[in-house]
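Enquirer: Sequence first, then the predicted structure, then my questions.
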Amino acid sequence: MPDLTRRRALLAIASGTAALAGCAGDDGDPTVGRPHANRAVEEYEARAVRAADETALFTQDDELPTDPDGERGRYARGGRHVVVSEETLAELTFGDGPEAEQLRSFATATDFDAASLYLLAMPVEACYEIRLQSVTVEWDELGAGDLHPHADFCRAYRPADVDCRTDETHLVGFAIRLPVAAKDSSGSGRGMSSRCGPNPEGEYFEATVTPADGGDDE
């Protein structure tokens, strides 16, 4: 099966939108004649972490940004990258902390012959959490081997029994494994809602947060 057809087949299965024969365009492509159509991806895997220190989780630079002063330093620790091969993964530098190691380990376990990876990091106030809600891709761009993922998140208060300070900022990171291969990526996006619905599957976060005074959580 040609690579292009295989990619579309994988994504059609993942998104539950495989077209019926005779209902697509002249060449059997369900995206012919459509504008930039985003398709939801349901069969993705995700790993998320939360860190309370001031070091970035990953970067494309040789050194991680660590300056926390002001808004510039705060947002310099965030970012997003689309990884479509072991070569593009090797271009990233991961931090030394356990949270960065979780993302790195998840990333290196990706089979890039059949999957791609979307990495994101963003600051969040200590008393809030960020949840991943959904992932979409631009179907027509993927047809040309160019992966454009878009991840939607929401922000909510953390549980009332969590000890946090309103003047602190943490860093959350997400690694999303998409069940589709691509040759390249020239764009990506994310959205954020200020409200979250129920979270029946529980927390994604796997991090230990140390209070500002250095003591142990009760």
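Expert: Alright, I've got the coordinates. Keep in mind it's a predicted model, so treat the numbers as computed, not measured.
Enquirer: what about the strands in this protein?
Expert: 38-40, 45-51, 58-59, 79-83, 93-94, 116-125, 128-138, 149-157, 169-178, 189-193 (DSSP state E).
Enquirer: got CSV for these, with distance to residue 163 and mean neighbour count too?
Expert: Backbone N, C-alpha and C define where each C-beta goes, glycine included. Putting the strands of the chain into CSV (distance: least, CB to CB, whole Å; neighbours: other CB atoms under 10 Å) gives the following:
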stretch, distance to residue 163, mean neighbour count
strand 38-40, 37, 17
strand 45-51, 14, 20
strand 58-59, 28, 21
strand 79-83, 28, 20
strand 93-94, 28, 18
strand 116-125, 14, 22
strand 128-138, 14, 20
strand 149-157, 13, 18
strand 169-178, 13, 23
strand 189-193, 25, 13
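Enquirer: Dump those strands to CSV, plus mean pLDDT.
Expert: Converted to CSV, these look like this (pLDDT from 0 to 100):
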stretch, mean pLDDT
strand 38-40, 87
strand 45-51, 95
strand 58-59, 88
strand 79-83, 93
strand 93-94, 92
strand 116-125, 94
strand 128-138, 94
strand 149-157, 94
strand 169-178, 95
strand 189-193, 91
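Enquirer: Tell me who's in contact with residue 148.
Expert: Contact partners of residue 148, counting by CB atoms under 8 Å, 6 or more residues apart in numbering, are 137, 138, 141, 142, 185, 186, 187, 188, 189.
Enquirer: how does it look with 7 Å?
Expert: Residues in contact with residue 148 (CB atoms under 7 Å, 6 or more residues apart in numbering) are 137, 138, 141, 185, 187, 188.
Enquirer: From those, pick the one nearest residue 53.
Expert: In terms of CB to CB, no member of the contacts of residue 148 lies closer to residue 53 than residue 188, at 25.8 Å.
Enquirer: Relative to residue 97, how far out is the closest one?
Expert: For residue 188, the distance to residue 97 equals 24 Å [CB to CB, to the nearest Å].
Enquirer: Over to residue 133?
Expert: 26 Å.
Enquirer: Residue 155 now?
Expert: 23 Å.
Enquirer: got it, and residue 57?
Expert: Look at residue 57 and residue 97: by CB to CB, they are 8 Å apart.
Enquirer: the more surrounded of these two?
Expert: Neighbours were tallied for residue 57 and for residue 97 using other CB atoms under 10 Å; the higher tally belongs to residue 57 (28 against 17).
Enquirer: my guess is that one meets residue 103, correct?
Expert: Yes. Look at residue 57 against residue 103 with CB atoms under 7 Å: they come within range, at 6.0 Å.
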